[in-house]
Structures are given as C-alpha cells and as structure tokens.
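**Q** A predicted structure for the sequence below; I have some questions about it.
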Amino acid sequence: MMIGYLNGQVVFSDGEKTILGTASGVGYELYFQKVISEGQPLEVFISHYIREAGEELYAFETLREKKLFELLLKVKGVGPKSAYAMISLLGEQEIIQAIFLESKEVLKKVPGIGAKAAAQVILDLKDKIGKMEMYVNLKIGNTELGTDAAPGNVEKIPSHILNDALMACKELGFSEDQVIKIAKGILSKKPIKQAEELVHLVLKEI
C-alpha cells in the first residue's frame, strides 16, 4: 500500500526529518525540510519511495510539489535526495521556469546537481513539465490562493513564448541570467501572449 497523504500531530522535527503521530497511533518518520513545533497539527502530501534498503517518505505542502518530485525521479541520474533538495532549495515554480527556459545555471545551484545532471533534467522534462499546471498549488488547510491566482503567473505562459524571447535576447548579446530576472518580473505583473511582446518589454528594462 502506497502512502500519499498524512494528517497528524508533530512529535519531532529538526528541519530534516519529522515524526508525525497519527490518530491511529502510528508515527511516521518523514523527510520534511521545515522545522515544525512539537504538538502542532500537520497535513502533508507524501511521496512513498521504495527501494531495496528500505522505504522513505518525502513530505510536501502542495500536490504540485509532490508530483514534480516524482517527475524528477524519472530523470536518469537524479535520485530522491537530489530531487528533494531541488524542490526545497529552489521551489517548484523556479524549477519549472528553469526547465522552460533551459537554464542549467539555475538548476546547478543545488548541491549534487552538476552541468550534466541539469542538462538531463531539461532534456527529459522539457516536454512533460507543462502537465504540472493540472495539479493544485494550494497548501492543505489553507484557504489563501497559491500562485495559480496571479494574472501573470509564469507557469501559465506557454513554454515557446519564454524560449523564443530568451533566444532572441541572447542573440542580441544579453546574458541569460539578466534576461530571466527581468522576464520573471514582467510575467509576474501581466499576461503575455506573444514572444515579441515579452522581448520588447525586456529590452525596455535592460
């Protein structure tokens, strides 16, 4: 039986692992890179990873994080520790954007992810990452909207627009990091329907 969700009370938490006591009397040890006060209620999505040496439970606040983690595990050379570190350090939105924009430098910020692994992530997931839009990005038990509510949400922009705009700016001699930073700010404020429009706005701010 695979575990996909747990609800309980925190028994122990140190920022690396959390022990979650449930109403059934069973306590589950989870990988969860946040410190939660003992006695606090906690609801998390779980990715149940099974291997010969044992079973591991990785906890996530949103369904999208869980699904992205499981997608990363399909990449050759990326194990659960590296995939979890990517999500914990970068966040799902920055990972998705980096894959759309083919930005290896962003992915390489994660310890253990070198140029080869970053390139493999982009190669394997470039045509699959769009499916993340179907998963909700709301924290369990939280009535506030997540990033899906933003009118200029980067994840709602078709990947070809981001790619074409980035390539155009790079051909003009501008660095990838410079363009990505400016484009991210623009896309967070307004929806963009054409690459040409995004290029025009980026060039106005450079």
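**A** Yep, it's here.
**Q** give me the number of residues near the closest residue to Met2 other than its chain neighbours?
**A** Spatially, and ignoring its direct neighbours in sequence, Met2 is nearest to His48 (4.6 Å; CB to CB, 6 or more residues apart in numbering). For glycine as for every other residue, the C-beta is placed from the backbone atoms N, C-alpha and C. If you count neighbours by other CB atoms under 10 Å, His48 ends up with 13.
**Q** just Gly130 next, same as before
**A** Neighbour tally, Gly130, other CB under 10 Å: 15.
**Q** what's the pLDDT at it?
**A** If you check Gly130, the pLDDT there is 73.
**Q** The one 5 residues further on now?
**A** According to the model's per-residue confidence, Tyr135 sits at a pLDDT of 63.
**Q** May I ask which helix or strand encompasses the residue nearest to Met2?
**A** Here His48, judged by DSSP states H and E, is contained in strand 41-51.
**Q** That strand: which residues count as buried?
**A** Leu42, Val44, Phe45, Ile46, Ser47, Tyr49 (16 or more other CB atoms under 10 Å).
**Q** Same list, these, but as CSV with distance to Leu125 and pLDDT please.
**A** Formatted as CSV, the buried residues of strand 41-51 follow (distance: CB to CB, whole Å; pLDDT from 0 to 100):
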residue, distance to Leu125, pLDDT
Leu42, 29, 94
Val44, 24, 92
Phe45, 20, 92
Ile46, 22, 94
Ser47, 16, 95
Tyr49, 18, 94
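**Q** Go through these and name the one nearest Gln194.
**A** Here the nearest of the buried residues of strand 41-51 to Gln194, counting by CB to CB, is Phe45; it sits at 35.9 Å.
**Q** what's near enough to touch the closest one?
**A** With contacts defined as CB atoms under 8 Å, 6 or more residues apart in numbering, Phe45 is in contact with Gly4, Tyr5, Ala59, Phe60, Glu61, Thr62, Leu63, Glu65, Lys66, Ile140.
**Q** which SS class is Ile19?
**A** strand (DSSP: H, G, I helix; E, B strand; the rest coil).
**Q** neighbours of it, just the number please.
**A** When neighbours are counted by other CB under 10 Å, Ile19 comes out with 17.
**Q** Check Thr22 too.
**A** The burial count for Thr22: 12, using other CB under 10 Å.
**Q** Now it: closest residue in space, sequence neighbours ignored.
**A** The nearest residue in space to Thr22 (CB to CB, 6+ apart) is Gly8, at 4.0 Å.
**Q** Just the element for the residue lying farthest from the centre of the chain, please.
**A** Distance from the C-alpha centroid of the chain peaks at Gly25, with 32.2 Å (CA atoms, centre = their mean). Remark: Gly25 resides in no helix or strand, with elements defined by DSSP H and E.
**Q** Test for you: state the pLDDT assigned to it.
**A** pLDDT, Gly25: 94.
**Q** can you check Glu144 too?
**A** Reading off the model, Glu144 has pLDDT 31.
**Q** cool, the one 5 residues further on as well?
**A** Ala149 carries a pLDDT score of 36 in this model.
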